[in-house]
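Student: Dropping the sequence and predicted coords here.
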Amino acid sequence: MASALVNVPKKARRGEIIEVKTLMSHIMETGYRHTATGQLVPRDIITSFSCRYNRAEIFRADLYPAIAANPFITFFTTATESGKFEFEWIGDKGFSETASASITVE
């Protein structure tokens, strides 16, 4: 079962540049490995990540088989107003996970 960890500052000054960190627990099977009996292990990766800040998309990434297990994604944005960050991970086999975090801008 996948689980997400997100780290967003609880408070920031208006106009301050903040760091947003995310970590998704996922095995990220590339689809290139074989079992001991020679069978191909099916691909199972997260294919996209996006972040919305008060419903406006501020960051998006497409992910590929070369990404390590438990992908850690960090980026910077400007704190413009109090509100909510919404995170979404989408992947193979119908994988979908969401998380959110709030920020107060003074």
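Tutor: Cool, got the structure. Numbering: from 1, shown residues only.

Student: so where do the strands sit in this structure?
Tutor: All strands of the chain, identified by DSSP state E, fall at 3-7, 11-12, 17-25, 46-53, 56-62, 72-78, 83-91, 96-105.

Student: out of those, which comes closest to Gln39?
Tutor: strand 83-91 (21.4 Å; C-beta to C-beta). C-betas here are computed from N, CA, C, even on glycine.

Student: what's the angle from that closest one to strand 46-53?
Tutor: Relative orientation of strand 83-91 and strand 46-53, computed by axes from the mean of the first three to the mean of the last three C-alpha atoms, to 10 degrees: 170 degrees.

Student: Identify the residues contacting strand 83-91?
Tutor: The contact list for strand 83-91 (C-beta atoms under 8 Å, 6 or more residues apart in numbering) reads 2, 4, 6, 8, 20, 22, 24, 26, 44-55, 95-103, 105.

Student: Excluding sequence neighbours, find me the nearest residue to Glu29.
Tutor: The shortest distance from Glu29 to any non-neighbouring residue, by C-beta to C-beta, 6 or more residues apart in numbering, is to Asp44 (4.3 Å).

Student: Provide a list of residues in contact with the one you found.
Tutor: Ile27, Met28, Glu29, Gly31, Gly91, Asp92, Lys93, Phe95.

Student: returning to what we had before: dump the strands of the chain into CSV; add distance to Gly38 and mean pLDDT as well.
Tutor: Putting these into CSV (distance: least, C-beta to C-beta, whole Å; pLDDT from 0 to 100) gives the following:
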stretch, distance to Gly38, mean pLDDT
strand 3-7, 33, 96
strand 11-12, 53, 98
strand 17-25, 29, 97
strand 46-53, 27, 98
strand 56-62, 31, 98
strand 72-78, 33, 98
strand 83-91, 26, 98
strand 96-105, 32, 98
